[in-house]
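# Quick check, what structure comes out for this input:
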Amino acid sequence: MTQSIDTQSQVPTFDLTELNQRFEGAHPREVLSWAVENIPAGLVQTSAFNIDDIVITDILYRELKPAQPVPVIFLDTLHHFQATLALVCQAQEIYNLNLKAYKVPDVESREAFAARYGEALWDSNIEQFHQLTKIEPLERGLNELGTVAWITGRRRDQSPSRAQMPFFELDNKQRLKINPLATWTRTDSWAYAAEHNMIYNPLHDQGYPSIGDEPITSPVAEGEDERAGRWRGTGKLECGIHI
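Residues are numbered from 1 along each chain as shown. Next comes the predicted model:
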């Protein structure tokens, strides 16, 4: 038995040990198919529209096509590359996404953000920058959507901090967190993308294997870790939403 219902909250609970053992080495499609079947309401995807995120979206929207399309949360930090924002629009049109964008309240532009919180906040206080642009908007989005489980595009091989990441875990609010690409490599994601002729961010072809906010994302040299261009020189491994 892998699922039971808490009669007080009516939120499903799952046997994570059993699920992780069952799906170790499984194709992401199998993991996502289980999620769609077992969590018909309250399932969402979080996406930064990196290649791994779009692989998941493609499986959900092109292959599985659940009756209720899975909402896709995009955190509009106001500091994305223009290529990223263009890709979001392109993906929404191609897949007819149930897109849910969240951002800092009452701030509509990068300039307005700087006027309110100071120039280059990422240099003076990176933790506050991420709290404002990612952590709070994500939590607000998950709450507003009544999230029971959320899907990420993380892989174990992306960084040492993710090396032991399971397929299924709980976040700090006891929501189920699903990592269907856990055992895949970057090569696997790109092979899937090529096989299905997927759209992707052109910055991936320009030395950006992992794409975040424009002011704090730099190209990666050959031989570097794929996330080496994120927060370069700060020692950071995560922005805070996966801690």
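
# CA-only coordinates of stretch 13-30 in CSV, if you can.
Output of stretch 13-30 as CSV, limited to C-alpha atoms (Å, rounded to 0.1, in the frame of the first residue of the first chain):
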residue,chain,number,x,y,z
THR,A,13,0.3,10.6,2.3
PHE,A,14,2.7,8.2,0.6
ASP,A,15,5.2,5.5,1.5
LEU,A,16,8.3,7.3,0.2
THR,A,17,10.6,4.4,0.8
GLU,A,18,8.5,2.0,-1.2
LEU,A,19,8.0,4.6,-4.0
ASN,A,20,11.7,5.4,-4.2
GLN,A,21,12.6,1.7,-4.4
ARG,A,22,9.9,1.0,-7.0
PHE,A,23,10.9,3.8,-9.3
GLU,A,24,14.7,3.8,-9.0
GLY,A,25,16.0,3.7,-12.6
ALA,A,26,12.6,4.2,-14.1
HIS,A,27,12.0,6.4,-17.1
PRO,A,28,10.6,9.9,-16.1
ARG,A,29,7.5,9.1,-18.0
GLU,A,30,6.7,6.3,-15.5
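
# And that stretch, what's buried?
Buried residues in stretch 13-30, counted by 16 or more other Cβ atoms under 10 Å: 14, 16, 19, 23, 27-28. Any C-beta I mention is one placed from the backbone N, CA and C, and that applies to glycine too.

# who's in contact with stretch 139-154?
Defining contact as Cβ atoms under 8 Å, 6 or more residues apart in numbering, one finds that stretch 139-154 is touched by 11-12, 32, 35, 39, 41-48, 50, 52-53, 55-56, 70-71, 73, 75, 100, 102, 162, 165, 171, 173, 175-182, 242.

# give me that answer again for 6 Å
39, 42-46, 52-53, 56, 71, 73, 102, 162, 175-179, 181 (Cβ atoms under 6 Å, 6 or more residues apart in numbering).

# Tell me which helix or strand the closest residue to Pro166 other than its chain neighbours sits in.
Using Cβ to Cβ, 6 or more residues apart in numbering and skipping the chain neighbours, the partner closest in space to Pro166 is Asn20 (4.7 Å). Using DSSP states H and E, Asn20 maps to helix 16-23.
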